[in-house]
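> Make a model of this:
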Amino acid sequence: MEKITSRDNARIKYACKLAASGAFRRSEGRFFAEGRKLCPELARAAQLETLFLTAAAAEKCPRLAALPGEHFLVEDHVAAKLAGVPAPQGVFGVFRTPAHTLEEVRPGGRYLALEGVQDPGNVGTLLRSAAAFGFDGVILSEGCAAPYAPKTLRASMGAAVQLPVIEAGAMPPVIGELRRKGIECLAAALYRSQPLGDAKAGPGGVCVVIGSEGQGLTEATIAACDRTVRIPMTDRVESLNAGIAGSILLWHFRGAGL
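This is a model prediction of the structure:
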């Protein structure tokens, strides 16, 4: 492997810019990830172009040598520049971003739609739950945390590339498109809602629509949906965060056989 010894190496600068800038990721069609477990997991479904690893990581995980793409050995001080966590694992990758559109949404499928969920941890958790419970895709409105940002990727543990993630604009038109395909859209909200236990997915498919941590769904999005559902709770807590509430909803509408 070629060795990179300078923190000012062009490849290192490029990777750091991918990690820091969502606009740059979109323009390049690539994203950056870090982790001994995460990079191989992502490489199962996304094209790995470049792998950076320290000598210690290469020795500890010889299976990394079998991953595709160009491989570069980096010195520890270079790895420190790439690292986004206090205790880096010494494995970093540049991947091609999968491209998905609303045209891929199919009647009869199960989908998750997020409106303005800004916390990367919650978005990553919900991507992971959607993959775990057999959903067919996730739709993100404008204002959501970027699915391929480093924090979101760590929280999703690779789920961001295991199912289609569609980045859309405003949510109400998206809901309209799904309903035209026969998919029932259920808003997670309290007003005029039915308990989750009474809600069933129809044969035409279902989309669970979840709002931001602080504001919830907009009125326009709730109005665009077919129905609203709520998770029954005691009065000991006021609400659940988006990651927990969404995972409960996803489990309820999980795919057959799970």
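> Let me know how buried residue 216 is, in neighbour terms.
Number of residues near residue 216 (other C-beta atoms under 10 Å) recorded here: 20. For glycine as for every other residue, the C-beta is placed from the backbone atoms N, C-alpha and C.
> show me where pLDDT drops low in this structure?
Across the chain, the ranges flagged by pLDDT under 70 are 256-258.
> And the strands in it?
2-4, 30-34, 48-53, 70-74, 91-96, 110-114, 137-140, 165-167, 184-188, 194-195, 206-210, 227-230 (DSSP state E).
> ok, residue 194 to residue 204 distance?
According to C-beta to C-beta, to the nearest Å, residue 194 stands 18 Å off from residue 204.
> Just put the strands of the chain in a markdown table and tack on mean neighbour count.
Shown next, in a markdown table, are the strands of the chain (neighbours: other C-beta atoms under 10 Å):
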| stretch | mean neighbour count |
| --- | --- |
| strand 2-4 | 12 |
| strand 30-34 | 25 |
| strand 48-53 | 21 |
| strand 70-74 | 19 |
| strand 91-96 | 24 |
| strand 110-114 | 26 |
| strand 137-140 | 24 |
| strand 165-167 | 20 |
| strand 184-188 | 24 |
| strand 194-195 | 11 |
| strand 206-210 | 27 |
| strand 227-230 | 18 |
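> Just to check, residue 233 is in contact with residue 240?
Yes: taking contacts as C-beta atoms under 8 Å, residue 233 lies within contact range of residue 240: 7.4 Å.
> Those two: who's more crowded?
Between residue 233 and residue 240, counting by other C-beta under 10 Å, residue 240 is the more crowded of the two (14 against 11).
> isn't the more buried one right next to residue 234, touching?
No: contact status for residue 240 versus residue 234: not in contact, 11.8 Å apart, counting by C-beta under 8 Å.
> quick one: the top helix by length along the chain to chain centroid distance?
When the chain is parsed with DSSP state H, its longest helix is helix 120-132. Between the centre of helix 120-132 and the centre of its host chain there is 6 Å, according to C-alpha atoms, centre = their mean, to the nearest Å.
> How about stretch 23-43?
Centroid separation for stretch 23-43 versus its chain: 12 Å, with C-alpha atoms, centre = their mean.
> Convert the C-alpha atoms of it to CSV, please.
Once non-C-alpha atoms are left out, stretch 23-43 reads as follows in CSV (Å, rounded to 0.1, in the frame of the first residue of the first chain):
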residue,chain,number,x,y,z
ALA,A,23,-23.1,20.5,0.0
PHE,A,24,-19.8,19.0,-1.0
ARG,A,25,-21.0,15.5,-0.5
ARG,A,26,-24.0,16.2,-2.7
SER,A,27,-22.0,17.8,-5.5
GLU,A,28,-19.4,15.0,-5.5
GLY,A,29,-21.9,12.1,-5.1
ARG,A,30,-19.7,10.7,-2.3
PHE,A,31,-19.5,10.4,1.4
PHE,A,32,-16.9,9.7,4.1
ALA,A,33,-17.2,7.1,6.9
GLU,A,34,-15.0,5.9,9.8
GLY,A,35,-14.9,2.7,11.7
ARG,A,36,-13.5,-0.9,11.6
LYS,A,37,-17.0,-2.3,11.6
LEU,A,38,-18.8,0.5,9.8
CYS,A,39,-16.6,0.7,6.7
PRO,A,40,-16.9,-3.1,5.8
GLU,A,41,-20.6,-3.0,6.5
LEU,A,42,-21.1,0.0,4.2
ALA,A,43,-18.9,-1.7,1.5
